Structures are given as C-alpha cells and as structure tokens.
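# quick one, fold the following:
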Amino acid sequence: MRQNRLSVYFILALTLTAAQRLAAQAGPASASVKPPAGAAAPPQQQPAGATCSGEDRFASLRCVADQLRAAYDKVDDENMGEIEKLMKDKRCNIVRIDGLLTRAKDAMNLWFDAEKKYWNETEIAENARVEGQQKSLASMVEDQATAQQLLDSLQRDHDELLRGKAELEKNPKRTQEIQKAIDELILDIQADEIRIADAQKHLDDATISVNNQKIALDARLIEIRQYQRRIDVWKEQRESYYQTSRAAADAVCSIPGTRPNKALPAPKGAPQ
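Have a look, this model is predicted:
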C-alpha cells in the first residue's frame, strides 16, 4: 500500500513539473478563449464537487488538471491565431504550422490525460461510496416491504368487517343484539380506516425515501460518466480540427510558385 502511494506521488510530481514548464512557456492565461470555428471549447461545466481545494478528495489531481488546462488554452489560442495569420500570406508555411499544431496538441494531451486521471479516480471512489450506501438502501427497501404487508393485512381485516356488517344488515328482524353488533362493527370499521390511512402514509413515505435514495446514489456517477464522454468527444473533434488545419496548410504548398518559409523556432525553455 505504501509503495503504491509513493508511486502515485512520484507520477503526480512529474505531471506537476510538466504543468509548470508548460505554463511558463505559455505565459499568463487569457481571461477567455475563443476557439476557431469547427471545434467547440472543452466542456466548462464540471460535475459538482470538483474543486482545487481540501474539500475535494483528489484536490491535488484537480489542481494539476486545472493548471494544465489554463496552459493549454493559452497555447492553443496563440498558436491557432498565428496559424490563421500564416495562412493569409499565401506562402508554404507547412513547417512552421506543423510545429505550432504539434505544440498545441502536446499541450492538449497533457491536459486531457490529467483531466481523465482525476475523473477516473473520482469515479472509482464514487463507486465505492455507492456500494457502501447499498446497505442503507436495502434497509429502506425492507421497511417499504413491511409497510406494504401491514397495509395489505389491515385492508383484508377491513374488508372482512364490511362483509360481516353487510350480512347482519340483511337480517329482516333487527333485534337489539343484532343492532348492537352492527354498531360495534361500525366502530371497528372506523378505527380500521384510521389505521389504514396511517399505514398508507407510512408506505408512501417509505416509497419516496427509497426512490430518492436510488436517484441520489446514481446521480453523481451518471454525471461523472456523462462529463467524461463529453471531453472524449471534444478531444476527437479537436484532433480532427488540427488535422484539417494541417491539410489546409499543406494544400497551399501544392500551389505552383508558392515559396517555402523557414521553420518556426521553438520557444525558450520548451522541450526539444
């Protein structure tokens, strides 16, 4: 167990170092990002509880992902803006554009891997929590079943009293003894109706509790999985956009008479 924790801390340290290096390369992140047409921005709305603070069980992973996201947004915004300018001068800038796209993709992959790691760990923890809550749900379901059995029993007794009263009322000679028996049955029937109403309320409350618990157990897991699917789809769209951008730049080089440009130098401090 101790060895596994050390491995996690080592990986986290390496990831954070990469994040800091990328952030230094990118400079301060802009307040807002306007991604080029054809690919939406990464999903902004995350499931509740994802915070870079002590309140989050995986706050350290969340902080790394947020830092890498800010760095990626800045790199992507600047590089795609530069590519747009290069495409307008009608020169063969494929080498420079390829370098800009590569750095944007590298930044994207760093963020994406950190983002997925955070949500994978969160999903594992949430699954464990749900499994633990299943015992509480089982107890609530058992209470619901007991309430249903009590209601059914009271309803059968009530029906039996109604049948007995109806039989007595059929008697053409209603003696004092018969009338007394009918009156007693009426009192029993009224008392039963009160008990039935109470039992019905208890069953309704138990049913609501069970349904709410089931929804609560699954809601966050569903939200986490839906968010992960959204960022998976976004990454596929973004990769397709980068590929399309490179193809467009390459097509310019096929035009007769197009002159090549020099390669874009790597920023200082960038990994070679």
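
# tell me the SS of residue 52?
At residue 52 the chain is in coil, as set by DSSP: H, G, I helix; E, B strand; the rest coil.

# hang on, isn't it packed against residue 59?
Yes: taking Cβ atoms under 8 Å as the definition, residue 52 is a contact partner of residue 59 at 5.8 Å. No exception for glycine: its C-beta is placed from N, CA and C like everyone else's.

# quick check: pLDDT value at residue 7.
Reading off the per-residue confidence, residue 7 sits at a pLDDT of 41.

# again, but for residue 254
Per-residue confidence for residue 254 comes out at a pLDDT of 84.

# need phi/psi at it.
Phi and psi for residue 254, reported as degrees, to the nearest 10, are phi -80, psi -10.

# how many other residues sit next to it?
Residue crowding around residue 254 was assessed by other Cβ atoms under 10 Å; the count is 8.

# same question for residue 65.
When neighbours are defined as other Cβ under 10 Å, residue 65 has 26 of them.

# what's the answer for residue 187, then?
Here the count is done by other Cβ under 10 Å, and residue 187 has 10 residues near it.

# need the three-state assignment for it.
Under three-state DSSP, the three-state class of residue 187 is helix.

# now it: how far from residue 206?
From residue 187 across to residue 206, the span is 29 Å (Cβ to Cβ, to the nearest Å).

# likewise residue 165?
Distance of residue 165 to residue 206, computed by Cβ to Cβ: 31 Å.

# over to residue 79?
Computed as Cβ to Cβ, the residue 79 to residue 206 distance reads 59 Å.

# more neighbours: which of those two?
The neighbour comparison of residue 79 against residue 206 (other Cβ under 10 Å) goes to residue 79, with 23 against 19.
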